[in-house]
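S.K.: Based on what follows, work out the 3D shape:
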Amino acid sequence: MKKIAILAALPAAVLMLSACGESPQEEAMEDQAEATEEAADNQADMIDDMAEQATDESTEDALENKADAVEEAGEEKADAMEDQADEM
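M.R.: Below you'll find the predicted structure:
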């Protein structure tokens, strides 16, 4: 009798799990968001490296501010893309 109950509940469990899954488009958008954020982080790291090599403090500060802005913009763009993916 237990086997019948388990077999009867199996289709419902499969449907619940499939509803939680992401569509291929949603996965692709989230992957693209992650890549966008990673690219911005890499660009910000390169700018930070340039800041470390700056010969004067004002240039170093300007480059560090630019790196922060690039990183922030990348995070915002990635967040927007993830929000869009969640709406799919």
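
S.K.: Nearest to the middle of the chain, which residue? Look it up for me.
M.R.: With distances taken as CA atoms, centre = their mean, Glu34 lies nearest the centre of the chain, 3.4 Å away.

S.K.: Show me what the helix or strand harbouring it is packed up against.
M.R.: Glu34 is part of helix 24-52 when elements are defined by DSSP states H and E. Packing contacts for helix 24-52, counted by 3 or more CB pairs under 8 Å, 6 or more residues apart in numbering; DSSP states H and E, involve helix 57-86. Every residue, glycine included, has its C-beta placed from N, CA and C.

S.K.: Which elements pack onto the helix it packs on?
M.R.: Secondary-structure packing of helix 57-86 (3+ CB pairs under 8 Å, 6+ apart): helix 24-52.

S.K.: Off-centre distance for the helix it packs on?
M.R.: 8 Å (CA atoms, centre = their mean, to the nearest Å).

S.K.: Tell me what angle it forms with helix 57-86.
M.R.: Interaxial angle of helix 24-52 relative to helix 57-86 (axes from the mean of the first three to the mean of the last three CA atoms, to 10 degrees): 180 degrees.

S.K.: can you give me the mean pLDDT across helix 24-52?
M.R.: On average, the pLDDT along helix 24-52 is 95.
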